[in-house]
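**Q** Whatever this is, show me its structure:
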Amino acid sequence: MFKKCLHITFLIALPLFCFSQNEQQFDSTNIPEIDSLRHQLIIAKSDSIRMMTMERMGYFYEHVNIDSSLYYLNEALNIAKQQSYTQAEARTLATLSGLMEHQGKYAEAFELLFTSLKIAEENNTAFDIARANRRISGIYYELQNYPKAITYLLKALPVDAENNYDDKVAIDRYALADAYEKINKLDSATFYLNLAIEQKHLLKGLMQYVYEIDGHIKQKGGNYEQAMLSYRKGFNEAQLNSDLISSSQMCADFSMLYKKLGVNDSAIYYALKGFNYGKEVSYKKGIMLNGNLLAELYDSTQPSLALQYYKVAIAAKDSLYGVNSLQTIENLIAGEEAKRKELENAKTAYQNKLKLYGLLTGLAVLLIVAFILYRNNRQKQKANMLLQHQKQKIEQQKEKVESTLLELKSTQAQLIQSEKMASLGELTAGIAHEIQNPLNFVNNFSDVNKELLSELKEEIKKGNYGEVQSIAKDVIDNEEKINCHGKRADSIVKGMLQHSRASSGQKELTDINALTDEYLRLAYHGLRAKDKSFNAEIKTEFDSSLGKINVVPQDIGRVILNLINNAFYAVGEKEKENLNAYQPTVIVRTKRNNGKVEISVIDNGNGIPDSIREKIFQPFFTTKPTGQGTGLGLSLAYDIVKAHGGEVKVQSKEGEGSEFIVQLPVNA
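**A** Numbering: from 1, shown residues only. From the prediction side, this is the model:
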């Protein structure tokens, strides 16, 4: 208890000391970058320089003067559109979206960002693709849709990493830490935060956010003293960077922590500062957070002042999230009360009428029931006589059905045995044919080697060592071919063992979207590891409402992996034809359709000719060159899906591509 009191005393004293050292007035004219950019704008001689300068000025004004930022960014955007500077247009749209976001205009911000992303993807500019995804994530974060925010950050991170945008990688990491902290995945949050802190030299002007996240994590862990120190570091960084937005938010963090500790004076002090910072830059989230805190803190001491702050906070929240204003809500409640009373009066009158109608209806029902009982009694007597007659007929038919069933069972057993023998014969013939081919090569090259070795002995006796070396080289070459075809036979046998092996896996509830995404990435990275030159555009269209179904995940994973590998092979082969404007593309889609879960793998390769489409699921049938496929992959996939009660369909157009569809029952 004594230790806890010391901690609280430390937390109370800390801000008084730090504010005396770091308090400063925000003034955009004190920012050296803006002074330099103003000078560049005055001496600019071309539209492109003026546009870039105004875009940078809009960026620096974003956190200190919304109106100035909006003016410069719109001017830059107009020049970009007039001069068809598409890359500059994409970047300016992304920056402009930040202003819309801070003002709570999320719909406008989304529209700007998706336009920016479309332009960036059309021009294949990695920097702008990653930036748009990162900012879309930011809006989902503000709307408290943290899983969606994480999804878009995980799209931005690999693009930044692949293109060595180290400073953006650092931003992606601290943003992931922030989103994971909000959904209480503190291990993931700490992991990404530590990675971001290792790159803090790349986060100049942004460390206030890193320290704020660190404070949230420590506060949730119950370490209030360390949380306060992290908030303090973040606030000092915000002051140094003239960032009123993060200053407003961190004041709310301070206030909430002091409120939790019961130190209301300090809580009010910070909430007031945060509220004023928010008003200065029209940061509605800061106004809402700090206004709500002030309303709660003043509620017991100054109710009228608490009501004022509550109304301001409600107005800010209404602007941000589409909630009606306080007066509208009060009018709505009053209207609903009046409607409720009116409805109760009408309900009472209606119930009185119902009672009268009920009595009349009851009497009518009694008469009808009496009539029906009389009629049913007469019909029952007739039905009993008819039933006895039908019962005799049913007994006779039952005897005939039982006799027929015995005959059908006997015939069925014979048909099953016949089908098994036919399938076994077909499979045996296939195995024999596939294995005989490499064995013929092995035997032929062995015979040739015997003859060559005999010649070798004779040449050694003659001392003709030049010919000896030539014959030895031929023997070695033949041995390599024997080894190659031996491995071919071995792969066929292993494939057959895998094909015939019964699954030992247990069915379990499985997230098909997650499983499909996992094996898609496994297939792509596996192929990239073998062939660095391979590249293809991958699109995923996952149905988020799919839910989980009961399958053996390892077996269904093998099916998905096989189909995706085939798709990559198809687009890779077509790319080798060097067609103009050809972009290898593989689309993986999941959806519900008529009570079934569908997994589709679509490619824009050369397609499957009609002449061989019926053969693709047969064992050993393959269109790949010798040594690149055993022809057992699709056959194995077909058997696995059938074992789950599903089916595999294929749609293909020669020269344009193919689509394989796996259908699984929901209750598989």
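**Q** Helix, strand, or coil at Thr590?
**A** Assigned by DSSP: H, G, I helix; E, B strand; the rest coil, the conformation of Thr590 is strand.
**Q** Give the bridge partners for it, please.
**A** Ile599 (DSSP bridges).
**Q** That one: what's it in contact with?
**A** Ile512, Asn513, Thr516, Glu541, Phe542, Asp543, Leu546, Val597, Glu598, Ile599, Ser600 (Cβ atoms under 8 Å, 6 or more residues apart in numbering). Just so you know, the C-beta spots here come from the backbone N, C-alpha and C atoms, and that holds for glycine as well.
**Q** Verify the stated contact: the last one with Glu659.
**A** This points to Ser600. Yes. Contact status for Ser600 versus Glu659: in contact at 5.9 Å, counting by Cβ atoms under 8 Å.
**Q** re earlier: among the contacts of Thr590, which lie within strands?
**A** Glu541, Val597, Glu598, Ile599, Ser600 (DSSP state E).
**Q** And the buried ones among those residues, selectable in PyMOL?
**A** In PyMOL syntax, the buried subset of these is picked out as below (16 or more other Cβ atoms under 10 Å):
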select buried, resi 597+598+599+600
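**Q** Closest to Gly278 out of the contacts of Thr590?
**A** Gly278 has its nearest neighbour among those in Phe542, at 38.3 Å by Cβ to Cβ.
**Q** Check which helices and strands the helix or strand hosting Ala529 sits against.
**A** Assigned by DSSP states H and E, Ala529 falls within helix 512-530. When contacts are defined as 3 or more Cβ pairs under 8 Å, 6 or more residues apart in numbering; DSSP states H and E, helix 512-530 sits against strand 537-541, strand 548-551, helix 553-575, strand 585-593, strand 596-603.
**Q** Next, the angle from it to strand 585-593.
**A** Here the directions of helix 512-530 and strand 585-593 differ by 160 degrees (axes from the mean of the first three to the mean of the last three Cα atoms, to 10 degrees).
**Q** And helix 512-530, how far out from the chain middle?
**A** Mean-position distance between helix 512-530 and its chain equals 14 Å (Cα atoms, centre = their mean, to the nearest Å).
**Q** Show me what it is in contact with.
**A** The contact list for helix 512-530 (Cβ under 8 Å, 6+ apart) reads 534, 536, 538, 540, 542-544, 546, 548-549, 551, 553, 556-557, 560-561, 564-565, 568, 588, 590, 597, 599, 664.
**Q** How about stretch 95-107?
**A** Contacts of stretch 95-107 (Cβ under 8 Å, 6+ apart): 55, 58-59, 62, 66, 69-70, 73-74, 77, 108-110, 112-113, 116, 135, 138-139, 142-143, 245, 281-285, 316, 319-321.
**Q** run the last query once more with 6 Å
**A** Stretch 95-107 is contacted by residues 58-59, 62, 69-70, 73, 108-109, 112-113, 135, 139, 283-284, 319-320 when judged by Cβ atoms under 6 Å, 6 or more residues apart in numbering.
**Q** Could you pull out the buried residues of that stretch?
**A** Those would be Thr95, Leu96, Ser97, Gly98, Leu99, Met100, Glu101, His102, Gln103, Gly104, Lys105, Tyr106, for stretch 95-107 by 16+ other Cβ under 10 Å.
**Q** same deal with stretch 106-121?
**A** Neighbour count says stretch 106-121 has Tyr106, Ala109, Phe110, Leu112, Leu113, Thr115, Ser116, Leu117, Ile119, Ala120 buried, by 16+ other Cβ under 10 Å.
**Q** Also stretch 189-198?
**A** So, applying 16+ other Cβ under 10 Å, buried residues of stretch 189-198: Ala189, Thr190, Tyr192, Leu193, Leu195, Ala196, Ile197.
**Q** do you know how far the spatially most central residue of the chain is from Lys507?
**A** In the chain, the centroid-proximal residue (Cα atoms, centre = their mean) is Thr151; its distance is 5.0 Å. From Thr151 over to Lys507 the distance is 28 Å, taken as Cβ to Cβ, to the nearest Å.
**Q** Number of residues surrounding Thr540?
**A** 13 (other Cβ atoms under 10 Å).
**Q** Mind pulling up the pLDDT for it?
**A** Looking at Thr540, its pLDDT stands at 94.
**Q** what's the answer for the one 10 residues further on, then?
**A** In the predicted model, Asn550 carries a pLDDT score of 88.
**Q** For the residue lying closest to Ile34 once chain neighbours are set aside, the count of nearby residues, please.
**A** Excluding the flanking residues, the one nearest Ile34 by Cβ to Cβ, 6 or more residues apart in numbering is Phe60, at 5.3 Å. Look at Phe60: counted by other Cβ under 10 Å, it has 21 neighbours.
**Q** For Phe60, give me the pLDDT.
**A** Value for Phe60, per-residue pLDDT: 73.
**Q** would it count as being in a strand?
**A** No. Applying three-state DSSP, one finds Phe60 to be helix, outside a strand.
**Q** I'd like the distance from it to Tyr582, if you could.
**A** When distance is defined by Cβ to Cβ, Phe60 is 44 Å away from Tyr582.
**Q** still on that earlier bit, filter the buried residues of stretch 189-198 down to just the ones in strands.
**A** Reading strands off the buried residues of stretch 189-198, I find no matches (DSSP E).
**Q** Lys457: which of the residues you listed is nearest?
**A** Of all the buried residues of stretch 189-198, the one with the least separation from Lys457 (Cβ to Cβ) is Leu195, at 67.9 Å.
**Q** how close does that closest one get to Thr510?
**A** 31 Å.
**Q** Quickly find the element holding Leu359.
**A** Following DSSP H and E, one finds Leu359 within helix 326-462.
**Q** what sits up against stretch 156-166?
**A** Stretch 156-166 is contacted by residues Ala126, Ile129, Ala130, Asn133, Arg134, Lys168, Val169, Asp172, Leu202 when judged by Cβ under 6 Å, 6+ apart.
**Q** Pull out the buried positions in the host helix or strand of the second one.
**A** Counting by DSSP H and E, the element that carries Ile129 is helix 126-142. Within helix 126-142, the residues that count as buried by 16+ other Cβ under 10 Å are 127-142.
**Q** Check which element follows that helix along the chain.
**A** Once the chain leaves helix 126-142, the next helix or strand it forms, by DSSP H and E, is helix 146-162.
**Q** how big is the angle separating that next one from helix 126-142?
**A** Going by the same axes, to 10 degrees, helix 146-162 makes 160 degrees with helix 126-142.
**Q** Would you mind listing the buried residues in whichever helix or strand comes after helix 146-162?
**A** Per DSSP H and E, the first helix or strand lying C-terminal to helix 146-162 is helix 166-182. Within helix 166-182, the residues that count as buried by 16+ other Cβ under 10 Å are 168-182.
**Q** Off-centre distance for helix 166-182?
**A** So, by Cα atoms, centre = their mean, the centroid of helix 166-182 is 17 Å from its chain's centroid.
**Q** before we move on, what about stretch 387-407?
**A** Centre-to-centre, stretch 387-407 and its host chain are 60 Å apart (Cα atoms, centre = their mean).
**Q** From the contact counts, what lies against the strand or helix carrying Glu225?
**A** If you go by DSSP H and E, Glu225 is part of helix 224-240. For helix 224-240, the elements it packs on are helix 2-22, helix 207-220, helix 244-261, judged by 3 or more Cβ pairs under 6 Å, 6 or more residues apart in numbering; DSSP states H and E.
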